[in-house]
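Novice: here's my sequence, what's the structure:
(2 chains)
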Amino acid sequence: MSLVVGIEIEGDGGHPAAWRAADHPPDTLLSARRIGTLVGELEEAGVGFLTIADATPSGAGGAVPARLDPVVLASLLSASTTAIGLVPQVHTAHGEPFHIANQLSSLDHGSRGRAGWWVGTEASADRARAAGQPWPAHPAVLAAEASDVVDAARRLWDSWEDDAIIADEISGRFLDADKVHHIDFRGDQFSIRGPGLMPRPIQGGVPVFADAGHLRPGLADVVVVRGPSVSAVAAAAGAARAAGAPRVVTEVEVVLDAGGGAANDRLAALDANTPWPRGERVRLVGHPDPVAVGLRELAGSVDGVRVIPAVLDVDLPVLTAAVLPALGDLVRVPRPGGRLRDLFGLPRPASRYAHLAIERESVRGV
Amino acid sequence: MASEELARPDAQLHLAGFFPFGPAYVWSEAERNDIYYDFAAWRQLAQAAERGLFSTLFLGDSQRLREHLGRITDTAVTGRPDQLVLFAHLAAVTERLGFVATLNTTYTDPVDLARRLASVDLLSGGRVGWNVVTTDNDWTGENFRRGGDVTHEVRYRRAEEHLALVTSLWSAWEPGAVATAASAPHWIRPGAVHEVAGTGSLSGVRARPSVPPSPQVRPVLFQAGESDEGREFAARHAQGIFSRYLQFDQALAFATDMRRRLVRAGRPADDLRIFPATRIILGDTDAEARARARWFGDRTWPDRRIRAVIEAVWGHDLSDHDVDGPPPHTDPVVPTQTLTHGVVNTNDRPLRTAAAWRELAEQRGWSIRQLVRHLNASIEFVGSPATVADELTRYVRAGAIDGLNLQPNAMPGGFDEVVDRLVPELQNRGVYRTAYEGTTLREQLGLAVPS
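Specialist: Down below sits the predicted model:
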């Protein structure tokens, strides 16, 4: 049994009032130095991957409206880290799948195989208007589109076979053009001719993290399940595995005894400012030891967790200094130069186009 | 000429590291076949450029791999990392170097593009520029939901609307509105982030941007077209322009024309930096440099690449044709250029192009090889560091150019010689900075912050 630990790093934490308890002034929220230091500490502590959420800022009063493009931020962080997985959230609705595929492939090259894709499902009215649509499309249309976007991206990642580059000066050929393929993808909302703009990602395919049931079977590498309790998560994880999920993770909200305050008191104070409604995630509140016990129980049913700390600056130091050490060998720690797929024990897939080359060889043989 | 020499006695040369989409390198000199896609190699190039006090890196773009006779072009390095993903990575390992991305308005969502550029601009401390291009090409559109069957005119109107929307998104945060302490009543002053609406074909777009302004307020705009339309667009919007005019008189004429257009558009004549593209090949002596330039040209123009240029126009395989013989006597087999993209642009008139090339080759008695090398000859600066520095000083002081868009001759060491040998010569002549002027791209280029 083992557990991959991920941390969500967007903003100041999961709690909507987190900025009030942060260690830095609000106007340094998006500073490269602040975020780089934070992520360096996560890597040092053996955290397996980070996620970067991407919610469209609402116009509502009080909400922090500042955030960066998650893939751009992940790429900045790839330069100063060597082990931690980098998993930006990228939504499928309205995006250009060709750009998404190339950006994630580039992130995988830049991080030497540490990129992941947290498939975003947001379909809000704000998001639709930003794309020039009066309202979101029908949920069935969005669902089909999400699968098509991921499917097309996977084909684009396969479109250069692993040995497509030959750089043969004698014949004057940089590429073996037989090993770089048009994908000719046709979906209801878009079509793509291909090929992609980069050689195959280091990981073969960037691991895709997606909510259970959100994508057509076979498109997700890591399925995200949720439940309000450990037993509910275990049931959801079992169902996901039965449906063929290669790996399963869940999300956990964490509030710790930290900064001289008891977790419950800290949460109450933050909630008095802006409430943090309970969703369908497990929420662990308290001393590091019971929180570690909670995570250990989850490890019985899932391969990894995406921890959403209430306040990054306050909860993370305790998480890394007390909770992770209490879990000991249970935590799968990424090694420098390793790949995100390795961390989850996922194999590097073969390109779906590789067999074409083998067929060509046999034709020539005849 | 003497009066030209005095035109800009204090002018300084800017160097930009330039990467076209299909660059020519001597592959066998590279450490690995895939080094052109390796971020560590890019990092080495960027850090060399910064050591040499370059103003910026600049990437050309294509959103589709080039094709030749219906297959992926195999005669040059093709494809490259997403520019903004690459620049975000490089921003983390440099401090002053700028980054100019070529991004088209036809196949991008303006709200997404504005956010991605603003994100790199903010994270880099204000070091980003946007080279605004409009792809006039349905062939590229086959990779996108947007723009598949857009007419030429609609594309240009959309480009103006796209740019207007992006710049309003970049201006939608009131400055100084974010709290400086957690005890403040609000994270940001209420109402300080404005909702922006698109116009024309983008009139359905409503968005509230999420990235605050960078230290240079917003990315610097560049333009790369040379048509009348392109020059006017640059005169209205751009603070940098990439050109191909490097023959001295042509460069000066282009610069003079652009400065006139700026004034007509109500801007100061010197509010635009002009960067023609070139290569620099150095040697201990002029003769050695010339020998190296010949070597580089021969090695990067193998027979297959020479033949591809002719095949692109004639429209069919000519592999049985000797490249040291004359061009084909037959006419192209296709009336329009449909199978080849990105090798040669005949404006869909291959018959005319073929006839003109054949006539030129006959007149001069050229083989295919000589013809193709002539057609692709570009102005390069070849010589000892002192010779090249003298020549560049003349260009800059006359006001013919502000900078050079400099292609590296190798990956990843392609800037090292320029940095180590040419830059000191330029500094000795007083035409090159000895330290960065500021922290932002706008400051390095000596440009005013836009209102």
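Novice: which elements pack onto the one helix or strand residue B:255 maps to?
Specialist: Using DSSP states H and E, residue B:255 sits in helix B:248-264. With contacts taken as 3 or more CB pairs under 8 Å, 6 or more residues apart in numbering or on different chains; DSSP states H and E, helix B:248-264 sits against helix B:228-237, strand B:240-243, strand B:273-278, helix B:385-398. (C-beta placed from N, C-alpha, C; glycine too.)
Novice: the same query, at a cut-off of 7 Å, please.
Specialist: helix B:228-237, strand B:273-278, helix B:385-398 (3 or more CB pairs under 7 Å, 6 or more residues apart in numbering or on different chains; DSSP states H and E).
Novice: quick one: that helix to chain centroid distance?
Specialist: Between the centre of helix B:248-264 and the centre of its chain there are 19 Å (CA atoms, centre = their mean, to the nearest Å).
Novice: okay, it in PDB with CA atoms only?
Specialist: Only the C-alpha atoms of helix B:248-264 are listed here, as PDB (Å, rounded to 0.1, in the frame of the first residue of the first chain):
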ATOM      1  CA  PHE B 248      21.800  49.300 -46.700                       C
ATOM      2  CA  ASP B 249      19.700  51.500 -49.000                       C
ATOM      3  CA  GLN B 250      16.600  49.400 -48.700                       C
ATOM      4  CA  ALA B 251      16.900  49.200 -44.900                       C
ATOM      5  CA  LEU B 252      17.300  53.000 -44.700                       C
ATOM      6  CA  ALA B 253      14.300  53.500 -47.100                       C
ATOM      7  CA  PHE B 254      12.200  51.100 -45.000                       C
ATOM      8  CA  ALA B 255      13.200  52.900 -41.700                       C
ATOM      9  CA  THR B 256      12.400  56.300 -43.200                       C
ATOM     10  CA  ASP B 257       9.100  55.100 -44.500                       C
ATOM     11  CA  MET B 258       8.100  53.700 -41.100                       C
ATOM     12  CA  ARG B 259       9.100  56.800 -39.200                       C
ATOM     13  CA  ARG B 260       7.000  58.900 -41.600                       C
ATOM     14  CA  ARG B 261       4.000  56.600 -41.000                       C
ATOM     15  CA  LEU B 262       4.400  56.800 -37.300                       C
ATOM     16  CA  VAL B 263       4.400  60.600 -37.400                       C
ATOM     17  CA  ARG B 264       1.300  60.500 -39.600                       C
END
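Novice: buried residues in that helix?
Specialist: Using 16 or more other CB atoms under 10 Å in any protein chain shown as the test for burial, helix B:248-264 gives B:248, B:251, B:252, B:254, B:255, B:258, B:259, B:261, B:262.
Novice: quick check: angle from that helix to helix B:385-398?
Specialist: 30 degrees (axes from the mean of the first three to the mean of the last three CA atoms, to 10 degrees).
Novice: pLDDT on helix B:248-264, on average?
Specialist: The average pLDDT for helix B:248-264 rounds to 96.
Novice: and the contacts of that helix?
Specialist: Helix B:248-264 is contacted by residues B:231-232, B:234-235, B:241, B:243, B:245, B:268-269, B:271-272, B:274, B:276, B:395, B:398-401 when judged by CB atoms under 7 Å, 6 or more residues apart in numbering or on different chains.
Novice: quick one: it to helix B:228-237, angle?
Specialist: 50 degrees.
Novice: enumerate every residue touching residue B:384.
Specialist: Residue B:384 neighbours (CB under 7 Å, 6+ apart): B:282, B:283, B:284, B:285, B:286, B:289.
Novice: how about the contacts made by the third one?
Specialist: By CB under 7 Å, 6+ apart, the residues touching residue B:284 are residue B:384.
Novice: contacts only, for the residue lying closest to residue A:245 once chain neighbours are set aside.
Specialist: Of all residues not flanking residue A:245 in the chain, residue A:223 sits nearest, at 3.7 Å (CB to CB, 6 or more residues apart in numbering or on different chains). Residue A:223 sits next to A:210, A:212, A:240, A:245, A:248 when contact means CB under 7 Å, 6+ apart.
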